[in-house]
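> Sequence and predicted model, in that order:
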Amino acid sequence: MKLLLVEDEEKMARLLQRGLTEAGHQVDVCQRGEDALEQALQIPYDAVLLDWNLPDLDGLAVLRRWRERGLRTAVLMLTARGTVGEKVLGLRAGADDYLVKPFAFEELLARLEALHRRGDAQGSAQAVGPLVLDTRRRVLRLAEREQPLTRREFALFAELAGHVGEVLPRSTLLSHVWGDGFDGPPNIVDVYVGYLRSKLKKLEAEAVSIQSVRGVGFRLVVEGNG
């Protein structure tokens, strides 16, 4: 598995990275929440090991932002917070599993293997009419043709595809894809919709289109849906 380990304690990070590497996994390490926030969105990891206590953003805040921005990667939280209420808080924020420190390394490996099996069973592809959105490789496919998507394109298309036929306001798309703190040009959503339309055209996906709703936002339309 390709893993991202988010852990600010250097000794713990080194030990886990070494053990996971020896177990056959590829492991990247981040020590800050802000760095991890962007890295997990840019690189298609199989799973993330996320410490709750980080020096800048805490792990719960990082996790919430990932889920708000459409990240579906499995997240295993590592934390000394062991009360039932804290576990529930982490799981409701979007964690897939929870491991309380100190823990046995063998249990960590077993939980990662379970997450990986669960991911394989669920699959990494979402059907959008005749299209397939490959969430792991971040590409759109139609028959034998495919178009790669940038991180933002993927997040925007996934947001629209999760609400087929519904009109999503620009403000909602901006918040979910770019984040509440985005201070760039206000027409950025329109620009990226243009990019997605271009890629749909290259795929000749005539049954799938992104329609503008004047003064409101956009909706993804699939012919024959509903």
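Received, thanks.
> List the contacts of the spatially most central residue of the chain.
Centroid check for the chain by CA atoms, centre = their mean gives residue 71 as the closest residue, at 1.2 Å. Neighbouring residues of residue 71 by CB atoms under 8 Å, 6 or more residues apart in numbering: 40-41. Using the backbone N, CA and C atoms, a C-beta is placed for each residue, glycine as well.
> where exactly do the strands run in the chain?
2-6, 26-30, 47-51, 74-79, 97-100, 125-128, 131-134, 139-142, 145-148, 168-169, 208-213, 217-222 (DSSP state E).
> Would you single out the least confident of those strands?
Among those, strand 125-128 carries the lowest mean pLDDT, a mean of 80.
> who does that strand pair up with?
The strands that strand 125-128 pairs with in its sheet are strand 131-134 (antiparallel) (by DSSP bridges).
> packing partners for the lengthiest helix in the chain?
Using DSSP state H to define each element, the chain has its longest helix at helix 105-122. In terms of contacts (3 or more CB pairs under 8 Å, 6 or more residues apart in numbering; DSSP states H and E), helix 105-122 is packed against helix 10-22, strand 47-51, strand 74-79, strand 97-100.
> Name the residues of the last one that are buried.
To tie it back to what came earlier, the one meant is strand 97-100. Within strand 97-100, the residues that count as buried by 16 or more other CB atoms under 10 Å are 97-99.
> Same check on the first one?
Neighbour-count burial for helix 10-22, counted by 16+ other CB under 10 Å, picks out 13, 16-17, 20.
> where does the protein dip in pLDDT?
82, 119-125, 136, 225-226 (pLDDT under 70).
> And it, what are its domain boundaries?
2-122, 125-222 (automatic domain parsing).
> Could you check how far the shortest one is from the centre of its chain?
This means domain 125-222. 15 Å (CA atoms, centre = their mean, to the nearest Å).
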